[in-house]
Every structure is written in structure tokens, then in C-alpha cells.
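# need coordinates for the below:
(2 chains)
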Amino acid sequence: MQELLLIAVGTAFVNNVVLSQFLGICPFLGVSKNVKTAAGMGSAVVFVITIASFVTGLIYKFILGNKNIMGGELDYLNTIVFILVIAALVQFVEMFLKKSMPSLYNALGVYLPLITTNCAVLGVALTNVESGYGILTGVVNGFATAFGFLIAIVLMAGIREKIEYNDISESFQGTPIVLVTAGLMAIAFFGFSGLI
Amino acid sequence: MNSCAERIYNGLIKENPTFVLMLGMCPTLAVTTSAINGIGMGLSTTAVLVMSNMLISMLRKIIPDSVRMPAFIVVVASFVTIVDFLLEGFVPSLYDSLGLYIPLIVVNCIILGRAESYASKNPVLPSIFDGIGMGLGFTLGLTCIGIVRELIGAGQVFGFQIMPDSYQPITIFILAPGAFFVLACLVALQNKLKNSAAKKGKQVARAAGCGAGCAACGNRAACGGHMSALPADEKEKEE
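Okay, here's the model as predicted:
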């Protein structure tokens, strides 16, 4: 239990997925204009990454890394299989939500197609395999990673809403000021490195 | 042959993926802690890009339109796996320092972007040169950022000591935040150049990729937020 907690805090804060591993930078810069959409995107990412790390964990345990099939030597297929599974999974989740949970679909639906190939999703799946995490640990790691993304993108959106009112020099308007903000946030997140 | 040279010029300067189109931001920020890592990542991406452009261009009349995205992804993922093994076998030190970011070349916006917007519509030879041009442009971008970060953060370039011994390295530049700061300054510089060019009435390629935001990107339904928009010449046609 303590080990799981350590992994969760470590991936959510200390090695934050966006600010220290640079995964999922695209939505982080693109969909962080206001807090509401940022929270929607973040929750959709939490949802997808948690499910994806569970499914890829199962696939690795029972097919790709299984000693009984080809002597466990199929793991060179990891990248190909995972990316296809994630793409299919996102489509499937979208259809499922549309049919059976319309309220959740209305909240997250717009963002789902956007995450199909978010590098954080594939990144988590591959990290889980590389670090030798089991299914439970993998899901916890995935959830914590995505939670770190949610925190980072919501904070960033909050700051960007305030930046709107600031007088920024012409060249720094748009992407550059967002990058500077992200850099300052990354410095702030260094403060968490003493936690573990 | 002229069109091939034009493709390379286009990739290196006119539509440079890092500075002009702002594609592939994740590896750009993550692996540029030193110039040599930047070159390694850039060349690996170039290799994948050239091969996948070539194969996709060959198969462009066979792949049905409705399943083209999964088909492209499989092609790209196969080449990435090959590059991953070659690096592990022949350049283990680079393999260790790039780590997770090699398999993540699969989801690099540049590769799927070029497959979708160029290779799937053009003959094989121009597609190969388009891949070379774009790949070298990406390598150039990564190397520039890598040189700046290594010089300020460690006082070295390509591992050679450049700064005098009395120089106290600003370590933050080879850590995570430095990546954001260096890129921010480079983009600001480029904005300044673009603004002054636009004032003189020149046409400037707009940032098409993720930096500009998925919401503004016309292709997002197909790309899952991870693909470049249409190339500049098509945009003009649409307008």
C-alpha cells in the first residue's frame, strides 16, 4: 500500500508528466485557454489513461510478455500493439459513453478524439512495461500521471486567464508567454522533489 | 530534380517544423539537454520520416481512405520499432539518453502530419525528399536548442568546453524549466522576425501545429489533436 502511495505521489507531483517529462505538451499548450475546457480535457485524459493502462497492462501480461506464447519474446511489438489498442480503445469509449452515459459524454465527448494519440497515453503504457509494473501498480501509475496532467493544465489555464489582462510585449504574445509560464511552473514543481 | 531541392528548402527553412510550424514539441523540449542528443533524436526522426513517407506514398492508391489513419500508424510504428532496435544495437549510449522518447516518435505530429498532408497525395520521389527536408529541418531545430541549452547550462558544446573555467554554469538550463525558457525566447525572436516581415507585406507561413492549439486546427477530427494542419499551399487554395 505504501509503495503504491509512493508511486502515485512521485508520478503526480515530483515527476509531473507535463512539467518534467514533457509528455502531452500539445494539449497543455493548446487547450489551456480557460479553466473550464482545461478541466474537461484533464478529466478526459484521466479517464482514458486509467482505462488504457489497465487494458495495455492486461495485453502485456497475457499476450506480449506471456512466457507461454513465443517464450515471452513478443515484446518488440509493444509500440505497435499499444498505439493501435489505444486508438481503438478511445473510439470504443467514445461510442460506449455516447450510447449509455450521455451526461458524461456531453462533458468529456469533445475531448476524447483529441487524446487518441496524446503522447502521455502511450508514454504511460510503455513506462509501465519498462518499469515492470503489474496491472494494479500500472493502473495506479497511470491514474497518478493523468492526475498530474489535470493539475498542471488547470493551474496553467487559471494563470492564462489572468495573463489576458496583462500588457505583454508584442513578440512574447501567444505561445512564448505560455512557455515562460510553464517554465516558472516547472521551477515551482521542483519544490516537490523533497517529498520522497 | 528541381522539385526535390525545393522540398528540402521547404523543410529546412520555409516550413521548418520546429520554428515555423511548431510541430513535435514533446521531443523538442525533452531531449535537447545537449546538442548531441538533439542531433540523435533529429536523425532518428528523419530516418523514420523518410521511410514512412516512402512507403505511404507507394501505398497511397491501395490504402482505402476510411482506414488511412490506422494504416499510417502501423507503418510509422513498424519503422519506429526498427529504428529503436538499431539504436539499441549500435548506439547504446544515445539509446540510454533518449530512452522513452524513441518509441514516442510514433506519436510525433511531424510524421503523421507529413504522411497525411504530403506523402498520401504525391509520388514517391518528392515524398522521400519531403521527408529528408522536414527531417533535417527538425534536426536543425533540435540541434540549435540543444546547443543553446548545453552552452548556458554546462558551458559546453558537443561535449567540448567552450566557456572559460571561471564561468559558473546555469544548471537550470539543462533541467526541465530551461527547455521552456529557451523555446519561449526562440519563438519570441521568430515572432519578431515574422512581424517585421509581415509589415513589409511578405507572406509568412503560420504555425500550423499543436502550439497554435488544436481548437484552431482544421484537421483535428482526423488527427486526434496530433497532426499538422493542411500544408500552406492547400490553405491558399481553400481561401
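# what does the worst-scoring helix or strand of chain A on mean pLDDT contact?
Lowest by mean pLDDT, DSSP states H and E among the helices and strands of chain A is helix A:102-108, with a mean of 78. Identification of contacts with helix A:102-108 by CB atoms under 8 Å, 6 or more residues apart in numbering or on different chains yields A:40, A:43-44, A:47, A:94, A:97-98. Every residue, glycine included, has its C-beta placed from N, CA and C.
# kindly recompute the last result at 6 Å.
A:44, A:97-98 (CB atoms under 6 Å, 6 or more residues apart in numbering or on different chains).
# residues of that helix that come out buried?
A:105, A:108 (16 or more other CB atoms under 10 Å in any protein chain shown).
# against which helices or strands is the lengthiest helix in chain A packed?
If you go by DSSP state H, chain A has its longest helix at helix A:135-163. Counting contacts by 3 or more CB pairs under 6 Å, 6 or more residues apart in numbering or on different chains; DSSP states H and E, helix A:135-163 is packed against helix A:2-9, helix A:35-59, helix A:119-130.
# just the angle for that helix relative to helix A:119-130, thanks.
Here helix A:135-163 runs at an angle of 150 degrees relative to helix A:119-130 (axes from the mean of the first three to the mean of the last three CA atoms, to 10 degrees).
# enumerate the positions of helix A:135-163 that are buried.
In helix A:135-163, counting by 16+ other CB under 10 Å, buried: A:135, A:137-157, A:159-160.
# give the closest residue to B:Ser44 in space, chain neighbours not counted.
B:Val83 (5.3 Å; CB to CB, 6 or more residues apart in numbering or on different chains).
# the one you found contacts B:Thr45, correct?
No - with contact defined as CB atoms under 6 Å, B:Val83 does not reach B:Thr45; the gap is 8.8 Å.
# okay, the least confident helix or strand of chain A in CSV with CA atoms only?
The C-alpha coordinates for helix A:102-108 follow below in CSV (Å, rounded to 0.1, in the frame of the first residue of the first chain):
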residue,chain,number,x,y,z
PRO,A,102,-24.9,10.7,-22.3
SER,A,103,-24.2,13.1,-19.4
LEU,A,104,-20.6,12.0,-19.1
TYR,A,105,-20.3,12.1,-22.9
ASN,A,106,-21.5,15.7,-23.0
ALA,A,107,-18.9,16.6,-20.5
LEU,A,108,-15.9,14.7,-22.0
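# off-centre distance for that helix?
Relative to the centre of its chain, helix A:102-108 is centred 19 Å away, using CA atoms, centre = their mean, to the nearest Å.
# centre-most residue in chain B?
B:Phe138 (3.9 Å; CA atoms, centre = their mean).
# what sits against that one?
B:17-18, B:42, B:45.
# low-confidence ranges, chain A, go.
Across chain A, the ranges flagged by pLDDT under 70 are A:71-72, A:109, A:114, A:116-117.
# show me which residues of it sit near chain B.
Within chain A, the residues that sit near chain B (CB under 6 Å from any CB of the partner chain) are A:20, A:22-23, A:25-26, A:29-30, A:79-80, A:83, A:113-114, A:116-117, A:119, A:122, A:126, A:171-172, A:175-176, A:179-180, A:182-183, A:186-187.
# element containing the residue nearest to the centre of chain B, please.
helix B:124-154 (DSSP states H and E).
# helix or strand next in line after that helix, which one?
Next along from helix B:124-154, by DSSP H and E: strand B:156-157.
# identify all contacting residues around that following strand.
Here strand B:156-157 has contacts from B:35, B:147, B:150-151, using CB under 6 Å, 6+ apart.
# how big is the angle separating the longest helix of chain A from helix A:35-59?
160 degrees.
# following helix A:135-163, which helix or strand shows up next?
helix A:175-190.
# what's the most buried one of the helices and strands packed on helix A:135-163?
Compared across these, helix A:119-130 shows the largest average neighbour count, a mean of 25 (mean count of other CB atoms under 10 Å in any protein chain shown).
# from the chain's centre, how far out does that one sit?
9 Å.
# check stretch B:152-170 too.
27 Å.
# endpoint to endpoint, it covers what distance?
One end of stretch B:152-170 sits 6 Å from the other (CA to CA, to the nearest Å).
# from the contacts of helix A:102-108, which is closest to B:Ile128?
Minimum distance to B:Ile128 across these is 37.6 Å, recorded for A:Ala44 (CB to CB).
# shouldn't that closest one be in contact with A:Asn118?
No - applying CB under 6 Å as the test, A:Ala44 and A:Asn118 come out as separate, 9.7 Å apart.
# can you pull the buried residues of whichever strand or helix holds A:Val85?
Using DSSP H and E, A:Val85 maps to helix A:78-100. Within helix A:78-100, the residues that count as buried by 16+ other CB under 10 Å are A:78-83, A:85-87, A:89-90, A:93-94, A:97.
# helices of chain B, residue ranges please.
With DSSP H as the criterion, chain B has helices spanning B:2-9, B:25-30, B:35-58, B:68-90, B:92-98, B:109-114, B:124-154, B:176-199, B:220-223, B:232-238.
# and of those, who's closest to A:Asn66?
Of the helices of chain B, nearest to A:Asn66 by CB to CB is helix B:68-90, at 19.2 Å.
# separation between B:Cys109 and chain A?
7 Å (CB to the nearest CB, to the nearest Å).
# which residue, other than its chain neighbours, is closest to that residue?
Counting by CB to CB, 6+ apart, the residue nearest B:Cys109 is B:Leu23, at 4.3 Å.
# ok, the one you found touching B:Asn108?
No - in this structure, B:Leu23 is not within contact of B:Asn108 by CB under 6 Å, at 7.7 Å.
# neighbour-wise, which of the two wins?
Just comparing B:Leu23 and B:Asn108: by other CB atoms under 10 Å in any protein chain shown the higher neighbour count belongs to B:Leu23, 32 against 27.
# I'd like the distance between the residue most central in space within chain A and B:Pro169.
Centroid check for chain A by CA atoms, centre = their mean gives A:Ala146 as the closest residue, at 4.0 Å. Distance of A:Ala146 to B:Pro169, computed by CB to CB, to the nearest Å: 35 Å.
# what of A:Leu108?
Relative to B:Pro169, and taking CB to CB, A:Leu108 is found at 45 Å.
# check B:Ala154 too.
Taken as CB to CB, the span from B:Ala154 to B:Pro169 is 5 Å.
# ok, those two, which is more surrounded?
More crowded of B:Ala154 and B:Pro169, by other CB under 10 Å: B:Ala154, with 20 against 15.
# residue contacts, the more buried one?
Contacts of B:Ala154 (CB under 6 Å, 6+ apart): B:169, B:174.
# retrieve the pLDDT associated with the most far-flung residue of chain B relative to its centre.
Largest separation from the mean C-alpha position in chain B: B:Ser166, at 35.9 Å (CA atoms, centre = their mean). pLDDT recorded at B:Ser166 is 82.
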